[in-house]
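**Q** I would like the atomic coordinates for the input below:
(one chain, ligands or ions: 1)
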Amino acid sequence: MGEIIFWTLIRMAVLMPLVWAAQPYMNYATWWTCGIASLYAGILHPAIIHYRWYLEKNKNVLDASLCSSCRYFDRTAVLCLLHDSHPTSEFLPCDGLDWQPGTSVSITKEADE
Ligand code: SF4
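**A** Next up, the predicted model:
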């Protein structure tokens, strides 16, 4: 997930100055239309595609692994919060020994309660 955000920010940092620099070369209405279209095509659409690819790549871990029903599993990052490691369909950081039932709960939230 962090990779998606990182590359979205990089694309924003590159594209937004280019769109801004193009303003003097177009009339205002055309600049707005082209600006919105290029921001969608260059930033939003790639982020959506990347996120769908991320969900597809991690589908087995998110839906059908031991970690998916563990309280230490962070679904948004596909991360075991207890071992600070990314489980895969072939690799469980705890080998199932630390599994505890429950939905994904942040360790920091538990500590705060
Ligand atoms: S404690 Fe074990 S079962 Fe639970 S999320 Fe971490 S690796 Fe998966």
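
**Q** Please list the residues of this structure that sit near the ligand.
**A** 66-67, 70, 72-73, 80, 82-83, 87, 92-94, 98-99 (Cβ under 6 Å from any ligand atom). Where C-beta positions appear, they are placed from N, C-alpha and C, glycine not excepted.

**Q** how about those in JSON lines, adding pLDDT?
**A** Shown next, in JSON lines, are these (pLDDT from 0 to 100):
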{"residue": "Leu66", "pLDDT": "89"}
{"residue": "Cys67", "pLDDT": "90"}
{"residue": "Cys70", "pLDDT": "91"}
{"residue": "Tyr72", "pLDDT": "91"}
{"residue": "Phe73", "pLDDT": "91"}
{"residue": "Cys80", "pLDDT": "92"}
{"residue": "Leu82", "pLDDT": "92"}
{"residue": "His83", "pLDDT": "93"}
{"residue": "Pro87", "pLDDT": "91"}
{"residue": "Leu92", "pLDDT": "90"}
{"residue": "Pro93", "pLDDT": "91"}
{"residue": "Cys94", "pLDDT": "91"}
{"residue": "Asp98", "pLDDT": "90"}
{"residue": "Trp99", "pLDDT": "91"}
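
**Q** Turn the buried ones among those into a named PyMOL selection, would you?
**A** Here is the PyMOL command that selects the buried residues among the residues of the chain next to the ligand (16 or more other Cβ atoms under 10 Å):
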select buried, resi 67+70+72+73+80+82+87+92+93+94+99
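
**Q** Make a markdown table out of the residues of the chain next to the ligand and add secondary structure.
**A** Shown next, in a markdown table, are the residues of the chain next to the ligand (DSSP: H, G, I helix; E, B strand; the rest coil):
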| residue | secondary structure |
| --- | --- |
| Leu66 | coil |
| Cys67 | helix |
| Cys70 | strand |
| Tyr72 | coil |
| Phe73 | strand |
| Cys80 | strand |
| Leu82 | coil |
| His83 | coil |
| Pro87 | coil |
| Leu92 | coil |
| Pro93 | coil |
| Cys94 | coil |
| Asp98 | coil |
| Trp99 | coil |
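
**Q** Could you give me the buried positions within the biggest helix by length in the chain?
**A** Criterion DSSP state H: the longest helix present in the chain is helix 2-21. For helix 2-21, a neighbour-count test (16+ other Cβ under 10 Å) marks 4, 8, 11, 15, 19 as buried.

**Q** Perfect, I'm done here.
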